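Peer 1: Give the three-dimensional model of this entry:
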Amino acid sequence: MLGRWVFVYLDDILIYSRTAEEHIWHVRVVLSRLLNHNLYCKLEKCAFHQESTSFLGFTISSRGLKMDTQKVQAVAQWPLPTTLKQLQSFLGFSNFYRRFIRNFSSLAAPLTSLTKATNQPRPFRLTPEAVCAFHDLVGRFVKEPILLHPDLTRPFVMEVDASDMGAGAILSQLGPDSKLHPCTYFSRKFSPTQQNYGVGDRELLAIKLALEEWRQWLLGTTDPFLIWTDHQNLIHLQTAHQLNPRQARWALFFEPYNFHIAYRPGSKNLKADDLSRRFAPDSSPPEPLTILPAQRFLASLQWPLEQSIRAALPGDPAPPETPPNCLCVPTSCRREALTWGHCSRLAGHQGQARTLQFLRRALWWPSMRKDVCEFTAACDVCAGSKSSNQPGAGDLQPLPVPKRPWSHIGLDFVTGLPAVDHLDTILTITDRFSKAVHLVALAGLPTAKRTAELLLEEVVWLHGFPQDVVSDRGPQFVSCFWKAFCRLVGASTSLSSGYHPQTNGQTERANQQLGRYLRCFASSQPTTWPRFLLWAELSHNLQTSSATSLSPFETCYGYQPPLFDHQVPELEVAAAHTLVRCCRLAWIRACAAITWNNTEYSRQHHRRHWPGPVIRSGDQVWLSSANLRMPAGSRKLDPRFLGPYPVLRVINPVTYRLRLPAALRIHPVFHVSQLKPVVSSPLHPPLTLVPPPHCVEEDRVYTVRKILDAHHRGCGWQYLVDWEGYCPEERSWEPARSFVDPALLADFWARRPGSSGAVPLKLCDCTSCVALSNLTLCVHRSLSLSLSLSLLSPGPRGKLWSHWLIPAIMCQSRQFGGWELH
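Peer 2: Residues are numbered from 1 along each chain as shown. Predicted coordinates:
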């Protein structure tokens, strides 16, 4: 009830109601509440059913608010102050009723000036101006003005004005007679600092001070209230783009208020103008200040787009449905308008909705929404710079279901384990049919040859040769040795597509389960993990698989191994055909279960993913850079997509082979989730093919570990290279032109026994080049080269060499940086 129809101040209770019936009920509720808490009111001090009452120094009625009659009589009989204390007492009493007195600050200014402290003590003496001000104030009290009750359900009107010395304002509302009646007055004298503000800032300060004074009524209003001012520039305050620092700070103060500023000439804004101009200046008025010199007013800011539109409008007039305050863009200017509204620095390559809203502020044409959607979709900058917020693309493509155990397997490595006796890696071998695993502890990543040996030792001797091997694109599995080995044993190799480990998902899942097992048993003593590897394999092979509803052991051998002695069946004779029948029955059940699970997983996958875009051979696509190694720099500023690149072949509905530049040095087969089709539009300028960034590589696939040997062959020298991350079987002879870093060759020749330390120049087999066999290039560590030329037998063609030798040196200098000719 408090704040709704009851107001309490200490021991005074005020109950107010709209109707007599409602008032009786309100009084009964308040008295019942007091009675319940053993509180009693003194009847002599109570007044019931009053249309006018005195409360806290005011007389409140349905007409409005006015000063208490007893207080007015006290002021009328107030003697002229003779001391500073008496003057302060009178001003304090008068200040309580200042809301009823127009120009209170200006009227009391001669009296308040006497209360200012001075450095030198002086006797109190009323000046003639102070005496006149005292009698004027007393006369204003006797008039007893009535102020209208503010009604929060009706809009307010605020009249504001500022002069050189102060501010004044009146808050009004429409009364029952449809005329504006004052609710309260406000006036304040500016401080010396505020008096130095410019005209616009003083007028804006007057609005700010008035809003601070009447904050309890004007903050949070549903309907906007009106502010009248005689300063026309303030009507653009809420839409201004540039504000000075002071106005910018005040703009934060104005933000919660719901108001509209309207211009009213000073000749019609007399009441507020009178409030602001009644202050007596303490000194001579300041000289007018020049805000901006005349030479600063050159011309208003205009975009070239606006000039183009206005020039084209006569030939393509605007239709009648063009919105007001908007330019209709002719057909010839729409591409320029879209480029400005989306690609300019001011627009910032926003999305479709924001680009449309930005353009609609000043421009319009009939097909605006369609053109904006088409233009933003075809923007190559957005396609390469923005991440995709769509769900994963591509339907699930299950691998073929095997028909027997260990015919289709998957390989993967678990690295980063604590080293125990040089063991820090685990080879996981997974049977895709039975879901059985073999786990092998290794000392680092093996070579391709060692991986083949492990396959023979762990799988082939127990289960026979597999028909298909699924793996990632590690250096062991992409090597020529591994491909030749699998081809010889009759096994096909299935490599995962670029940055899509889900291809070998069963092995990845087995690695997760292995990691959980080792964390449970070896987390307290990490160096004991090899002791638990055998138990981890056994535990996995004994657990029932959700895909087959059988354990891997039972799927392979046709029975579940007993865990206790009493579970062993007593059989006198075990027929071989019975065992085979049990095994084949388990295989049939497992095959059916895997097929059903693949269908179920595909259905669940389809619920969380979308089929992906339709991409055909020859289409242009963008390639995601999320998994690529980019050049050194800020990853935040790297492009999100590279390209566009053409599609060479559709391998399956979700896998595609691209034509990539050689600088990327990555495998060109990718899942559809890594691709985004290029959208073209006649409204957008044609795509600019940007060259790919340098040094984008896979993990150390092409890093040279060491140059082992060199020999001259054909048109130049070749070098035997030991590749980083590859086994010795992958060493190969590479020509000198394949080396990007010339320091590799310089270091090799500097270490080569019997060599002079010079890098031989690339020569061909012609007679002239044989004669130049002693031409050497000495490489210094500063990467500057010195050329020494000595000819054993000049011959008849000696003059010809000078014609091609200098261009050859200039061509080579582009690669090696600089030459010193000796």
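Peer 1: List the buried residues for whichever strand or helix holds L209?
Peer 2: Assessed by DSSP states H and E, L209 sits inside helix 199-213. Across helix 199-213, burial judged by 16 or more other Cβ atoms under 10 Å covers G200, D201, R202, E203, L204, L205, A206, I207, L209, A210, L211, E213. For glycine as for every other residue, the C-beta is placed from the backbone atoms N, C-alpha and C.
Peer 1: Packing partners of that helix?
Peer 2: strand 157-162, strand 166-174, strand 180-189, strand 225-229, helix 245-254 (3 or more Cβ pairs under 8 Å, 6 or more residues apart in numbering; DSSP states H and E).
Peer 1: Relative to E44, which of those is closest?
Peer 2: Taking Cβ to Cβ, strand 180-189 is the member of those nearest to E44, at 33.8 Å.
Peer 1: What strands line up against the closest one, and which way round?
Peer 2: Strand 180-189 pairs in its sheet with strand 166-174 (antiparallel), by DSSP bridges.
Peer 1: before we move on, the earlier item: give me whichever of the helices and strands packed on helix 199-213 is most buried.
Peer 2: strand 157-162 (a mean of 26; mean count of other Cβ atoms under 10 Å).
Peer 1: so that strand versus strand 180-189, what angle?
Peer 2: 30 degrees (axes from the mean of the first three to the mean of the last three Cα atoms, to 10 degrees).
Peer 1: Now do strand 157-162: distance to the chain's middle.
Peer 2: Between the centre of strand 157-162 and the centre of its chain there are 44 Å (Cα atoms, centre = their mean, to the nearest Å).
Peer 1: Strands along the stretch 1-150 of the chain, start to end?
Peer 2: Under the criterion DSSP state E, counting those that start in this stretch, strands of the stretch 1-150 of the chain are mapped to 6-9, 12-15, 52-55, 58-61, 65-67.
Peer 1: Those: which one's closest to N325?
Peer 2: N325 sits nearest to strand 65-67 of all these, at 44.0 Å, using Cβ to Cβ.
Peer 1: pLDDT of that closest one, averaged?
Peer 2: Here strand 65-67 scores 71 as its mean pLDDT.
Peer 1: can you start the count at 53 instead of 1 from here on
Peer 2: Got it, the first residue is 53 from now on, which makes the last one we talked about strand 117-119.
Peer 1: Which stretches in the stretch 653-802 of the chain count as helices?
Peer 2: Taking DSSP state H, counting those that start in this stretch as the test, the helices found in the stretch 653-802 of the chain are 794-803.
Peer 1: could you pull out the strands for the stretch 653-802 of the chain?
Peer 2: Going by DSSP E, counting those that start in this stretch, the stretch 653-802 of the chain shows strands at 672-676, 693-704, 707-710, 721-723, 727-729, 756-765, 768-775, 784-787.
Peer 1: Report the strands that pair with the first one, each with its relative direction.
Peer 2: Sheet pairing of strand 672-676 (DSSP bridges) gives strand 693-704 (antiparallel), strand 727-729 (antiparallel).
Peer 1: Please apply the same query to the last one.
Peer 2: The pairing partners recorded for strand 784-787 under DSSP bridges are strand 768-775 (antiparallel).
Peer 1: Quick one: low-confidence residue ranges for the stretch 253-402 of the chain.
Peer 2: Confidence mapping of the stretch 253-402 of the chain against pLDDT under 70 gives the ranges 318-354.
Peer 1: The same query, at a cut-off of 90, please.
Peer 2: Scanning the stretch 253-402 of the chain for pLDDT under 90 picks out the ranges 253, 255, 262, 265-278, 280-402.
Peer 1: in what helix or strand does K501 lie?
Peer 2: According to DSSP H and E, K501 maps onto helix 500-507.
Peer 1: Show residues contacting the following helix or strand past that helix.
Peer 2: Moving toward the C-terminus from helix 500-507, the next helix or strand (DSSP H and E) is helix 513-515. The contact list for helix 513-515, computed with Cβ atoms under 8 Å, 6 or more residues apart in numbering, reads P457, W458, D483.
Peer 1: which of those tops the neighbour count?
Peer 2: Most neighbours among the contacts of helix 513-515, by other Cβ atoms under 10 Å: D483, with 26 neighbours.
Peer 1: That one touches I461, doesn't it?
Peer 2: Yes. Here D483 reaches I461: they are 5.8 Å apart, a contact under Cβ atoms under 8 Å.
Peer 1: where are the low-confidence patches of the stretch 603-752 of the chain?
Peer 2: Within the stretch 603-752 of the chain, the stretches with pLDDT under 90 are 603-698, 700-752.
Peer 1: hmm, 50 instead?
Peer 2: Applying pLDDT under 50 to the stretch 603-752 of the chain flags residues 618, 620, 623-626, 684-685, 745-752.
Peer 1: still on that earlier bit, any idea which of the strands of the stretch 53-202 of the chain is most buried?
Peer 2: Neighbour counts (mean count of other Cβ under 10 Å) averaged over each of these peak at strand 117-119, with a mean of 20.
Peer 1: just to revisit the earlier point, with respect to N377, which of the helices and strands packed on helix 251-265 lies nearest?
Peer 2: N377 lies closest to strand 277-281 among those, at 22.0 Å (Cβ to Cβ).
Peer 1: report the angle between the axes of that closest one and strand 209-214?
Peer 2: Here strand 277-281 runs at an angle of 30 degrees relative to strand 209-214 (the same axes, to 10 degrees).
Peer 1: Against which helices or strands is strand 277-281 packed?
Peer 2: Strand 277-281 packs on strand 209-214, helix 251-265, strand 311-315, going by 3+ Cβ pairs under 8 Å, 6+ apart.
Peer 1: before we move on, the earlier item: of the helices and strands packed on helix 251-265, which is nearest C98?
Peer 2: Across those, C98 has its closest neighbour in strand 232-241 (29.4 Å, Cβ to Cβ).
Peer 1: Kindly export the closest one (C-alpha atoms) in CSV.
Peer 2: The C-alpha trace of strand 232-241 is given here as CSV (Å, rounded to 0.1, in the frame of the first residue of the first chain):
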residue,chain,number,x,y,z
LEU,A,232,-0.8,24.4,-19.5
HIS,A,233,-0.5,24.9,-15.8
PRO,A,234,2.9,25.0,-13.9
CYS,A,235,3.8,22.0,-11.7
THR,A,236,7.0,23.5,-10.4
TYR,A,237,9.6,26.2,-11.2
PHE,A,238,13.4,25.9,-11.4
SER,A,239,16.2,28.5,-11.7
ARG,A,240,19.9,28.4,-11.0
LYS,A,241,22.8,30.7,-11.3
